[in-house]
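[1] requesting a structural model of the entry that follows:
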Amino acid sequence: MTHDLVTALRPLLAAEAAAEAYAAGAEPGDLEQAVWLRLLERLDAEGPPLDPQEWLRRAVRSEARRTHRRSRLERLYTVEPVDDGGRDPEQLALAAARGRALRAAVRRLPGRCPRLMQALLSPEDLTYREIAGELGISQGSIGPERSRCLGCLRRLLTPEVAAR
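    Residues are numbered from 1 along each chain as shown. Next comes the predicted model:
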């Protein structure tokens with residue numbers, strides 16, 4: 001029974017995972033694996049679903065959403081530059097502290113400003129077209145959004161700069 005179900009669902013799962021993976025920022029194989037695991041857990045607990053194809057479609061979409069949410073929450077590990085440019089340890093420590101303060105302030109910004117500012121500050125030097133595609137917004141709205149976010153960032157940092 002289980003083998004027949006897996007054999008029958010394999011092509012549908014491959015197609016559904018391939019269709020949902022790009023939007024979720026995942027690999028189709030990873031989505032397939034997660035859904036197979038859910039199916040096996042379900043078979044152990046409840047038995048086979050009444051409508052396996054519909055269950056599979058819902059499971060793929062659910063896993064895609066979960067993967068997308070998880071990827072949005074992940075933070076890139078950033079390392080301080082190896083080449084110190086001839087600066088002394090004190091200057092390097094101060095520059096690193098300023099960088100950490102800036103990244104912390106960016107994370108406190110409202111709405112989609114943190115993601116936009118991280119994309120703009122990215123060492124990959126993304127184009128507006130790449131940023132728009134990554135954030136799912138129109139290319140023309142990046143400039144006004146950037147101005148609004150910089151204003152918020154300026155207001156956040158002003159008390160910190162004044163305190164020094």
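[2] what residue is smack in the middle of the protein?
    What sits nearest the mean C-alpha location of the chain, by C-alpha atoms, centre = their mean, is R72, with 2.8 Å.
[3] on the pLDDT front, check that residue for me.
    pLDDT, R72: 74.
[4] show me what the strand or helix carrying it is packed against.
    According to DSSP states H and E, R72 maps onto helix 52-73. In terms of contacts (3 or more C-beta pairs under 8 Å, 6 or more residues apart in numbering; DSSP states H and E), helix 52-73 is packed against helix 2-24, helix 28-45. Every residue, glycine included, has its C-beta placed from N, CA and C.
[5] one step back: tell me how far the residue nearest to the centre of the chain lies from D88.
    Relative to D88, R72 is positioned 39 Å away (C-beta to C-beta, to the nearest Å).
[6] give me the low-pLDDT residue ranges for this protein?
    Where the chain drops to pLDDT under 70, the residues are 1, 74-86, 160-164.
[7] can you list the domains in it?
    2-73, 91-163 (automatic domain parsing).
[8] quick one, what contacts the closest residue to R112 other than its chain neighbours?
    Distance criterion C-beta to C-beta, 6 or more residues apart in numbering; nearest residue to R112, sequence neighbours excluded, is L135 at 6.6 Å. Neighbour list for L135: 112, 115-116, 119 [criterion: C-beta atoms under 8 Å, 6 or more residues apart in numbering].
[9] equivalent analysis for R61, please.
    With contact taken as C-beta under 8 Å, 6+ apart, R61 is in contact with E20.
[10] give me the number of neighbouring residues for L157.
    14 (other C-beta atoms under 10 Å).
[11] what helix or strand is it on?
    According to DSSP H and E, L157 maps onto helix 142-163.
[12] name the helices or strands packed onto that helix?
    If contacts are counted by 3+ C-beta pairs under 8 Å, 6+ apart, helix 142-163 sits against helix 89-107, helix 113-120, helix 128-135.
[13] would you list the ones you listed in TSV and tack on distance to E16?
    Conversion of those to TSV gives the following (distance: least, C-beta to C-beta, whole Å):
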stretch	distance to E16
helix 89-107	35
helix 113-120	27
helix 128-135	23
